[in-house]
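Enquirer: just the structure for this:
(chains A and B)
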Amino acid sequence: MTGKLVAVANMKGGVGKTTSVVMLADALAAGGASVLVIDLDPQASASVCFAGDGILAEMITGGRTLDYYLGLRIVDRDKAALTDFIRGYVSSTTHLGEPLPISLIASGPSLRIVEREIIYALTKRKFSMHAIEGHLWKLFQEDFAPLREQYDYVLFDCAPGISPMTEVAIRASDLVVVACISDFLSTYGLKAFYETIWGVGSASESMLAPKRPPHVLITRWQNTRQQATTYATLEAGAAAEGARFRLFRTRVPQSAALANALTLEYQTFANKYRDSSRDLIGEVITPVVAELKEALDGA
Amino acid sequence: MALEIDGLAVLCAIAEAPEAFPAIRGDVTKAAHALVTKQLKAKSLDLAGLRAVRNALGPQPLALIVDGLKDAEVKALVTRLDKHHPDLKDGPALAHRRHLMALAADLEPAAAPAAKPKPAKAPAKSSSAKSSAKSSSSARSSSAKVPAGEPAPAPTRAPARSKAAGAPVDALASAAMAARPPRRPRQQE
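Expert: Residues are numbered from 1 along each chain as shown, chains lettered A, B, ... in the order given. Predicted coordinates:
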């Protein structure tokens, strides 16, 4: 099995990254794929969406979260196997009578502190900034990238603001999905994000540029004049010669069903994404997944 | 001269030439869901009917439509089709869906338990007791079908969710956010 690594990211917060991760993980798993979600955000939104508050608390107190792993491996230079930190079959959603095959590497609020600890510890060991990046890159290639042998898809729910670990995941993934609202501020943030990761001089000796340009997924779409105008600009940018980004043809609408999908109530995939005003599965989720696969096949 | 379309013939025609109906592609899925759902929720549906639906659609489309039914609807249907099964009333929603699909395939419903010996005839009641029993029994039968002489079932509650939903009492209450990781073996101060 050679799975695909997909980072869902944006420097801006509140644009629907976690919603997109949950939706994509559920849909890919309902389609029969094995999916691992890695939560890189100290807010732990994806973790709590899949595991629930109680199980996440248990994982944190049991030292079974990403931050604990990074502390062991980088700060303390202890041996630890990343696979020991995976919680299998974590989703309470079912499809055709079976739980969705979604696994999780959870994060906790301490990730923010551990990422600082990493910088302090490596600086103390006389690592330069580039050397720190290189160290994280090496760790990612040794420990995270091999997970593609166990899962069809590894989805990274990236933190807004781009932490060092998030940046490594973005650069090393097969595809970066940029969740973005079609409005002024979100697309302004998209420009900053592009310049940081894909812009001239953004790659270094220690970390490579991402394999493909970012694929922008419009989220929280509402057919207002402002959103339509911004979308037209994005569409023109994606269609231009030498385009710096791609645009998913399908837009994810503002939907109460998608917001509810982040809750933990047991439900079937069909009921979780039932939206009385539209065929969310047939008209949105299925085409987005098809486009994701199409982009990955080209990656 | 026909006075109305033959709905089945029109649906077949749409299915055979979908390219002639591009604007309703999404509606076709919705309509198909709605039609089969209505058939599954029909009071007249018995086990043979369920199996006929499965044979007509195939197991996967039926399972997808069953997944779209509400938990309560699946429970009502499965407990009606397999009314003597001992574990269905309190089982989880996932078990109801699985059991319904198993019944649709070839699983036979549980047999009725052996009839209990009839209790000895109760002594004659006073007229006031009789009338009160009558009113209570009629109240029961209006809310739920309970055989006369048997105690009314306790009001059924939705099974507890494994991961509780709904708004917490304290908006800031969270076990995970209050949880602290253990100290790492070589963690520095």
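
Enquirer: residue A:219 touches residue A:177, doesn't it?
Expert: No - judged on Cβ atoms under 8 Å, residue A:219 makes no contact with residue A:177 at a distance of 10.1 Å. (Glycine included, C-beta is placed from N, CA and C.)

Enquirer: okay, and the common contacts of those two?
Expert: Common neighbours of residue A:219 and residue A:177 are listed as residue A:20 (criterion: Cβ atoms under 8 Å, 6 or more residues apart in numbering or on different chains).

Enquirer: what ranges of chain B fall below the confidence cut-off?
Expert: Residue ranges of chain B with pLDDT under 70: B:116-169, B:189.

Enquirer: where do the helices sit along it?
Expert: Per DSSP state H, chain B has helices spanning B:7-16, B:25-41, B:47-57, B:59-67, B:71-81, B:93-105, B:127-143, B:175-178. These are given in chain order.

Enquirer: look up how far residue A:172 lies from residue A:210.
Expert: Residue A:210 is 8 Å from residue A:172, where distance means Cβ to Cβ, to the nearest Å.

Enquirer: quick one, what contacts residue 36?
Expert: Unless you meant another one, I'm taking chain A. A:86, A:102, A:103, A:104, A:105, A:147, A:150, A:151, A:153, A:154, A:155.

Enquirer: right idea, wrong chain: chain B
Expert: B:53, B:57, B:61, B:62, B:65.

Enquirer: low-confidence regions, chain A specifically.
Expert: Checking chain A against pLDDT under 70 turns up A:1, A:203-207, A:266, A:299.

Enquirer: all strands of it, in order?
Expert: Using DSSP state E, the strands of chain A run over A:4-9, A:35-39, A:93-95, A:98-99, A:102-105, A:153-157, A:175-181, A:215-219, A:246-247, A:267-268.

Enquirer: what pairs with the last one, parallel or antiparallel?
Expert: Using DSSP bridges, the neighbouring strands of strand A:267-268 in the sheet come out as strand A:93-95 (parallel).

Enquirer: list the contacts for the residue nearest the centre of chain B?
Expert: Per Cα atoms, centre = their mean, the C-alpha nearest to the average position across chain B is that of residue B:74, at 1.8 Å. Contacts for residue B:74 (Cβ under 8 Å, 6+ apart) come out as B:66, B:93, B:96, B:97, B:100.

Enquirer: among those, which are within reach of chain A?
Expert: Among the contacts of residue B:74, the residues lying close to chain A (Cβ under 8 Å from any Cβ of the partner chain) are B:93, B:97.

Enquirer: need the contacts of residue B:74 in TSV (columns: neighbour count).
Expert: Listed next are the contacts of residue B:74 as TSV, based on neighbours: other Cβ atoms under 10 Å in any protein chain shown:
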residue	neighbour count
B:66	27
B:93	20
B:96	25
B:97	22
B:100	26
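
Enquirer: let me have the contacts of residue B:74 in a markdown table, adding distance to residue A:259 as columns.
Expert: Output for those, formatted as a markdown table (distance: Cβ to Cβ, whole Å):
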| residue | distance to residue A:259 |
| --- | --- |
| B:66 | 25 |
| B:93 | 22 |
| B:96 | 27 |
| B:97 | 25 |
| B:100 | 29 |
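
Enquirer: closest to residue A:38 among the contacts of residue B:74?
Expert: residue B:93 (29.4 Å; Cβ to Cβ).

Enquirer: just give me the neighbour total for the nearest residue to that closest one once chain neighbours are set aside.
Expert: Computed as Cβ to Cβ, 6 or more residues apart in numbering or on different chains, the closest residue to residue B:93 that is not its neighbour in sequence is residue B:71, at 4.1 Å. Neighbours of residue B:71 under the rule other Cβ atoms under 10 Å in any protein chain shown: 19.

Enquirer: among the strands of chain A, which is nearest residue A:76?
Expert: Closest approach to residue A:76 among these is made by strand A:102-105 (18.6 Å; Cβ to Cβ).

Enquirer: hang on, the earlier thing: most neighbours of all the contacts of residue A:36, which one?
Expert: Neighbour counts for the contacts of residue A:36 peak at residue A:104, which has 29 neighbours (criterion: other Cβ under 10 Å).

Enquirer: report the separation between residue A:237 and residue A:190.
Expert: 10 Å.

Enquirer: the two: who's more crowded?
Expert: residue A:190 (23 against 16).

Enquirer: got the contact list for residue A:93?
Expert: A:26, A:99, A:100, A:266, A:267, A:268, A:269, A:272.

Enquirer: so what's it closest to, chain neighbours aside?
Expert: Counting by Cβ to Cβ, 6+ apart, the residue nearest residue A:93 is residue A:100, at 5.0 Å.

Enquirer: next, count neighbours for that neighbour.
Expert: The local packing of residue A:100 (other Cβ under 10 Å) involves 25 other residues.

Enquirer: residues in contact with it?
Expert: Contacts of residue A:100 (Cβ under 8 Å, 6+ apart): A:25, A:26, A:29, A:30, A:35, A:91, A:93, A:94, A:269.

Enquirer: hey, what's the fifth one bridged with?
Expert: Looking back up the chat, that one is residue A:35. residue A:102, residue A:153.

Enquirer: wait, it sits on residue A:22?
Expert: No - counting by Cβ under 8 Å, residue A:35 stays clear of residue A:22, with 10.7 Å between them.

Enquirer: how long is stretch A:250-262 end to end?
Expert: End-to-end distance of stretch A:250-262 (Cα to Cα, to the nearest Å): 21 Å.

Enquirer: now residue A:293: how far from residue B:50?
Expert: Applying Cβ to Cβ, the value for residue A:293 to residue B:50 is 35 Å.

Enquirer: residue A:282 now?
Expert: Separation of residue A:282 from residue B:50 (Cβ to Cβ): 25 Å.

Enquirer: more neighbours, those two?
Expert: Between residue A:282 and residue B:50, residue B:50 has the larger neighbour count (other Cβ under 10 Å), namely 22 against 16.

Enquirer: not counting sequence-adjacent ones, nearest residue to that one?
Expert: Excluding its sequence neighbours, the residue lying closest to residue B:50 (Cβ to Cβ, 6+ apart) is residue B:104, at 5.0 Å.
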